[in-house]
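Participant: What would the 3D arrangement of this be:
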Amino acid sequence: MTGMKRMEFLKLKLTEELVAILVEETGCSIEHAFARLYSSQTFAKLSDPHTKLYVQSAGYVYSLLEEELSEKSVRSVNL
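Facilitator: The predicted structure is shown next:
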């Protein structure tokens with residue numbers, strides 16, 4: 001498996017896990033969880049091969065996503 005194929009495989013597996021965690025933790029639909037994840041800076045970093053975020057655990061990456069989503073909700077409340 002080439003480096004890019006390995007990265008894509010790991011990113012796909014993490015995406016599945018992150019969406020499952022989002023659905024479980026927030027009670028949102030799968031579609032909404034995918035939309036939240038795909039529009040996040042965390043997913044942009046996950047997709048960047050230079051960050052190597054794709055080799056981290058789903059729990060760690062979810063903590064980054066959770067922090068980002070929390071900051072977004074605080075900003076939207078303060079507007």
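
Participant: for stretch 71-79, what is the average pLDDT?
Facilitator: Averaged across stretch 71-79, the pLDDT comes to 67.

Participant: cool, and stretch 48-68?
Facilitator: On average, stretch 48-68 scores 96.

Participant: And the contacts of it?
Facilitator: Applying CB atoms under 8 Å, 6 or more residues apart in numbering, the external contacts of stretch 48-68 come out as 3-4, 7, 10-11, 14, 17-18, 21-22, 25, 37, 40-43, 45-46. The C-beta positions use only the backbone N, C-alpha and C, and glycine is treated the same way.

Participant: Those, buried ones only, as a PyMOL selection?
Facilitator: Per 16 or more other CB atoms under 10 Å, the buried members of these correspond to this PyMOL selection:
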select buried, resi 7+10+11+14+18+21+22+37+40+42+43+45+46
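
Participant: how about the helices in the protein?
Facilitator: 3-26, 30-38, 41-47, 58-78 (DSSP state H).

Participant: Please identify the most buried of those.
Facilitator: helix 41-47 (a mean of 17; mean count of other CB atoms under 10 Å).

Participant: Please work out which residues outside that one touch it.
Facilitator: Helix 41-47 has contacts (CB under 8 Å, 6+ apart) with 11, 14-15, 37, 51, 53-54, 61, 64-65, 68.
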